[in-house]
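How does the following fold in three dimensions:
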Amino acid sequence: MTSEEKRQLAKEEAVLLALQHNIALIRRDHKIYGMKKNSSTVFISESKNYDKLWQDALLALKKKFSN
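Numbers count the residues shown, from 1 in each chain. Sure thing, here's the model as predicted:
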């Protein structure tokens, strides 16, 4: 599996997890934010480089919703 495929899978899993919790994901540079239905935003994660962006977001979301 290529790094692009891994990045895409992490992105899809992160988006699905966020949507299951009524949050849409927004990327701004190397930061990921979640937007709620009332249009408020919450910080999800920040990455040092693009290659790890969605993996970092997925880990942060899993931690956030593991309750």
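
where exactly do the strands run in this structure?
Using DSSP state E, the strands of the chain run over 24-28, 31-35, 41-46.

So for the first one, mean pLDDT?
Just to be clear, that refers to strand 24-28. The pLDDT scores in strand 24-28 average 96.

Need the contact partners of stretch 26-37.
Outside stretch 26-37, the residues that touch it by CB atoms under 8 Å, 6 or more residues apart in numbering are 14, 18, 22-25, 41-50, 53-54, 56-57, 60. For the C-beta atoms, the positions are set from N, CA and C on the backbone; glycine is no exception.

among those residues, which ones are buried?
14, 18, 23, 25, 44-45, 47, 53-54, 56-57, 60 (16 or more other CB atoms under 10 Å).

export these to CSV and tack on distance to residue 4?
As requested, these are arranged in CSV below (distance: CB to CB, whole Å):
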residue, distance to residue 4
14, 16
18, 21
23, 25
25, 19
44, 22
45, 20
47, 16
53, 12
54, 11
56, 16
57, 16
60, 21
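
So of those, which two are at opposite extremes in space?
Greatest spacing in the buried ones among the contacts of stretch 26-37, by CB to CB: 23 and 47 (18.2 Å).

so what secondary structure elements neighbour the longest helix along the chain?
Selection of the longest helix in the chain by residue count, based on DSSP state H, yields helix 3-20. Packing partners of helix 3-20 (3 or more CB pairs under 8 Å, 6 or more residues apart in numbering; DSSP states H and E): strand 24-28, helix 53-64.

For residue 10, find the nearest of the ones you listed.
The minimum distance between residue 10 and those falls on helix 53-64, with 4.0 Å, by CB to CB.
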